[in-house]
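1. Return a 3D structure for these sequence lines:
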Amino acid sequence: MLKSRYGILMAALAISGGAMLGTADRAAAESPVGVNASTEATLLGSIDSEMALDQVTSVSQLSDVQPTDWAFQALQSLVERYGCIAGYPDGTFKGNRPLSRYEFAAGLNACLDRINDLIKAATDPLATKEDLRKLQKLQEEFAAELAALRGRVDSLEARTSELEANQFSTTTKLSGQVIFGMQGGTLTGDDSDDSGAENVTFSQRTRLLLVTSFTGKDKLFTRLESNSVRSPLNDVTGLTNLSYGNGSDTNFRLTFLAYEFPLSDRATAIVGQDLILEDAHPVHNPIYGNGNGAITSFADLNPIFRQPSYGGAGIRWNPSDNFTVAALYSAGNSASPDEGRGLFDGSYSASVSLNYTSSDDRFSAGLLYAHSYYSRVDRPFNVLGGSGTKNTFNLFKGDSFDSDNIGFQTQYRFSEHFGMHGFFGYTWADSLNNDDANADILTWGVGFTFPDLGKEGSMGALTVGQPPTVVNADGVDEDDNTPILVEAMYKFALNDNIYLTPGVVAVFDANDNGDTAVMGVLRTEFKF
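-> Model (predicted):
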């Protein structure tokens, strides 16, 4: 028979503390009972042979244990730190009660189980010796690769330091684009010998774009451009303006300056000196690129977007993840202080659009309305931006006029390698100097795209449609013909920075004589 549960308790604390926490209180040496600590040390709780003992979680639950007892601190530690002690159902510990060897064995086993649980919980996330041996073996096996990787990291750190020391700007990113184009055209029919009808031209457009951010969420756009691009059939049909320009200036000039900034988490504003409608309104055309997409300006964008626009301000608001509402006000000669010009007195356009995009980005559509005013003080504006027939140029012969325009555009991607898009537009224009002069203009187009055709990053595209045509008019010339434009192109990615785009454009019934205009294009784009 072993004696004194207090004595065995102190020895148990010594062993458990050594196993789990280091040095323990050896108060058992003061025990009045001469127990052997090595045989009774792990007794954290025992089972009485006559009555069951209850697990306790606080030493205060034991009514016969007082803070003045010589083993109080040991008992408190075992109860509250290890949770492995038992009392009698009557709420006592009976520290001086003798116990049998069976009781001691049961208590010892409970103690060891508890210590094993604690050790396992403390070491589960740690690596075993076997894990360390495997890691050492892998390190030896891939020593050469690790050394090479370490060298590459050191080299990258050195290059990064050099770039940071010599970077262009901490707030501005510079990108550029150079386009070379060779175009050749012919006109079949009675006008085939017209000047320029069968010329071959060489064009270039160079752009440098600086994007500056002051807060990380805003953007200041500054674009410098040199543009010398002419279509060989433009003067003959008026239908085949090229998307990458229509000018003859080889000097660099500022062509775009705008500042975009957030108004809230779902709204963004843009102000600038050279804004066009697509700077605010989504276009829903997968081959839109303003030079690096479609070949002609007609296939590049719904002609309804080509309103008198330069300086102004716009806003784009996303009331939900799928819908976008956009608005833009821009003036044709906003920088001029002359009478009949400026931001509000000269030619202007006010537009609004409602747009939808599906959650998977496969389908999108937009409805655009624009009201425009063309001042007779300004240069003669080409209605719908030069993408229509000759009759749409200087439509009212120098009179001021206004127009109401509505456009619908949509696109759907059937798969990763095939998509379809289309647009429709209608314009009602009225002279402000002649009440009897008005005109209706119609345009539409359908396109098919083949992304990654032949190579990742490449694209094939086919567009068919009717360029802006005067279909109903009073007091002005009405188009007697109904031109149909067909454009086929293949944008081949030589690499991520160089693209080669051959294409063919045909305009059937291009003029009043019913002639057909054909133009071949070879466009090369470099970007950096």
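
2. Over to the residue nearest the centre of the chain. Which of the three states is it?
-> What sits nearest the mean C-alpha location of the chain, by CA atoms, centre = their mean, is Asp361, with 12.2 Å. Classification of Asp361 into helix, strand or coil gives coil, according to DSSP: H, G, I helix; E, B strand; the rest coil.

3. go on, the one 10 residues further on?
-> Classification of His371 by three-state DSSP places it in strand.

4. Distance of it relative to Asp399?
-> Separation of His371 from Asp399 (CB to CB, to the nearest Å): 18 Å. Every residue, glycine included, has its C-beta placed from N, CA and C.

5. which one of those two has more residues nearby?
-> Higher neighbour count among His371 and Asp399: Asp399, with 17 against 14, using other CB atoms under 10 Å.

6. what helix or strand is that one on?
-> Secondary structure here is read from DSSP states H and E; on that basis Asp399 sits in neither a helix nor a strand.

7. Which residue is the nearest non-sequential neighbour of it?
-> Taking CB to CB, 6 or more residues apart in numbering, and ignoring the residues beside it in sequence, Asp399 has Asn433 as its nearest neighbour in space, at 4.1 Å.

8. contacting residues for the one you found?
-> Asn433 makes contacts with 376, 396, 399-401, as judged by CB atoms under 8 Å, 6 or more residues apart in numbering.

9. mind listing the strands for the stretch 351-500 of the chain?
-> Defined through DSSP state E, counting those that start in this stretch, the strands belonging to the stretch 351-500 of the chain, from first to last, are 363-374, 401-415, 418-431, 438-451, 459-474, 484-493, 498-508.

10. next one: the stretch 101-250 of the chain
-> 172-188, 200-212, 219-229, 247-262.

11. and the next element down the chain from the last one?
-> Scanning forward in sequence from strand 247-262, with DSSP H and E defining helices and strands, the next element found is strand 267-272.

12. could you give the mean pLDDT of that following strand?
-> In this model, strand 267-272 carries a mean pLDDT of 96.

13. Tell me the buried residues in it?
-> Residues of strand 267-272 classed as buried by neighbour count (16 or more other CB atoms under 10 Å): 268-270, 272.

14. Just the C-alphas of the helix or strand following that strand, formatted as CSV.
-> If you walk from strand 267-272 toward the C-terminus, the next helix or strand you reach (DSSP H and E) is helix 297-300. Taking Å, rounded to 0.1, in the frame of the first residue of the first chain, the C-alpha atoms of helix 297-300 are listed here in CSV:
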residue,chain,number,x,y,z
SER,A,297,-11.8,53.5,-90.2
PHE,A,298,-15.2,52.0,-91.1
ALA,A,299,-14.4,48.5,-89.9
ASP,A,300,-12.5,49.9,-86.9
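
15. other SSEs contacting the helix or strand that comes right after helix 297-300?
-> Scanning forward in sequence from helix 297-300 by DSSP H and E, the next helix or strand is strand 311-317. In terms of contacts (3 or more CB pairs under 8 Å, 6 or more residues apart in numbering; DSSP states H and E), strand 311-317 is packed against strand 267-272, strand 323-331.

16. Helix or strand with the lowest mean pLDDT in this structure?
-> Of all the helices and strands that make up the chain, the one with the lowest confidence by mean pLDDT, DSSP states H and E is helix 37-40; it has a mean of 33.

17. per-residue confidence at Arg152?
-> At Arg152, the predicted lDDT confidence score is 89.

18. One more: Leu78?
-> In the predicted model, Leu78 carries a pLDDT score of 73.

19. unless I'm mixing things up, it is touching Ile85, no?
-> Yes: using CB atoms under 8 Å as the test, Leu78 is close enough to Ile85 to be in contact (4.9 Å).

20. Those two: which has the busier surroundings?
-> Looking at Leu78 and Ile85 with other CB under 10 Å, you find the greater number of neighbours at Ile85, namely 29 against 25.

21. quick one: that one from Asn166, how far?
-> Taken as CB to CB, the spacing of Ile85 relative to Asn166 amounts to 71 Å.

22. Any stretches of the stretch 51-200 of the chain with poor pLDDT?
-> 51-55, 81-84, 107-108, 111, 122-127, 167-168, 189-198 (pLDDT under 70).

23. Do a quick rundown of the helices in it.
-> Counting by DSSP state H, counting those that start in this stretch, the stretch 51-200 of the chain has helices at residues 72-77, 101-123, 129-141, 143-166.

24. just to revisit the earlier point, for the residue nearest to the centre of the chain, which non-adjacent residue is spatially closest?
-> Spatially, and ignoring its direct neighbours in sequence, Asp361 is nearest to Arg413 (7.8 Å; CB to CB, 6+ apart).

25. Quick check: that neighbour touching Asp360?
-> No: contact between Arg413 and Asp360 fails when scored by CB under 8 Å: they sit 9.0 Å apart.

26. one step back: got the phi/psi numbers for the residue nearest to the centre of the chain?
-> phi 60, psi 20 (degrees, to the nearest 10).

27. gap between it and Arg266?
-> Distance of Asp361 to Arg266, computed by CB to CB: 18 Å.

28. And Ala71, by the same measure?
-> Using CB to CB, we find Ala71 at a distance of 69 Å from Arg266.

29. of these two, who's got more company?
-> Looking at Ala71 and Arg266 with other CB under 10 Å, you find the greater number of neighbours at Ala71, namely 24 against 13.

30. picking that back up, could you dump the helices and strands packed on strand 311-317 into a markdown table with distance to Arg223 added?
-> Rendered in a markdown table, the data for those read as follows (distance: least, CB to CB, whole Å):
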| stretch | distance to Arg223 |
| --- | --- |
| strand 267-272 | 10 |
| strand 323-331 | 16 |
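
31. closest to Tyr259 out of those strands?
-> Put simply, out of the helices and strands packed on strand 311-317 the one that sits nearest Tyr259 is strand 267-272, at 5.6 Å, with distance taken as CB to CB.

32. Point out the other helices and strands that the closest one packs with.
-> Packed next to strand 267-272, using 3+ CB pairs under 8 Å, 6+ apart, are strand 247-262, strand 311-317.

33. With mean pLDDT as new columns, can the ones you listed be given to me in a markdown table?
-> Converted to a markdown table, the helices and strands packed on strand 267-272 look like this (pLDDT from 0 to 100):
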| stretch | mean pLDDT |
| --- | --- |
| strand 247-262 | 88 |
| strand 311-317 | 94 |
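
34. closest one to Asn227 among those?
-> With respect to Asn227, and counting by CB to CB, the nearest of the helices and strands packed on strand 267-272 is strand 247-262 at 4.1 Å.

35. For the closest one, buried residues please.
-> Under the neighbour-count rule (16+ other CB under 10 Å), strand 247-262 has 255-260 buried.

36. now stretch 435-452
-> Buried residues in stretch 435-452, counted by 16+ other CB under 10 Å: 437-439, 441-445, 447-449, 451.

37. so can I have a markdown table of those showing distance to Leu500?
-> Putting the buried residues of stretch 435-452 into a markdown table (distance: CB to CB, whole Å) gives the following:
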| residue | distance to Leu500 |
| --- | --- |
| Ala437 | 47 |
| Asn438 | 46 |
| Ala439 | 41 |
| Ile441 | 35 |
| Leu442 | 35 |
| Thr443 | 30 |
| Trp444 | 30 |
| Gly445 | 25 |
| Gly447 | 21 |
| Phe448 | 21 |
| Thr449 | 18 |
| Pro451 | 17 |
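
38. wait, which of these is closest to Ser336?
-> For the buried residues of stretch 435-452, the closest approach to Ser336 (CB to CB) belongs to Ala437, at 26.2 Å.

39. one step back: most packed of the helices of the stretch 51-200 of the chain?
-> Each of the helices of the stretch 51-200 of the chain was given a mean neighbour count from mean count of other CB atoms under 10 Å, and the largest, a mean of 20, is that of helix 72-77.

40. Next, format the helices and strands packed on strand 267-272 as TSV and append distance to Phe221.
-> Supplementary listing: the helices and strands packed on strand 267-272 in TSV, determined by distance: least, CB to CB, whole Å:
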stretch	distance to Phe221
strand 247-262	5
strand 311-317	13
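
41. so which of those strands gets nearest Ala510?
-> In this view, the helices and strands packed on strand 267-272 are compared for proximity to Ala510 by CB to CB, and strand 247-262 is the closest at 22.9 Å.
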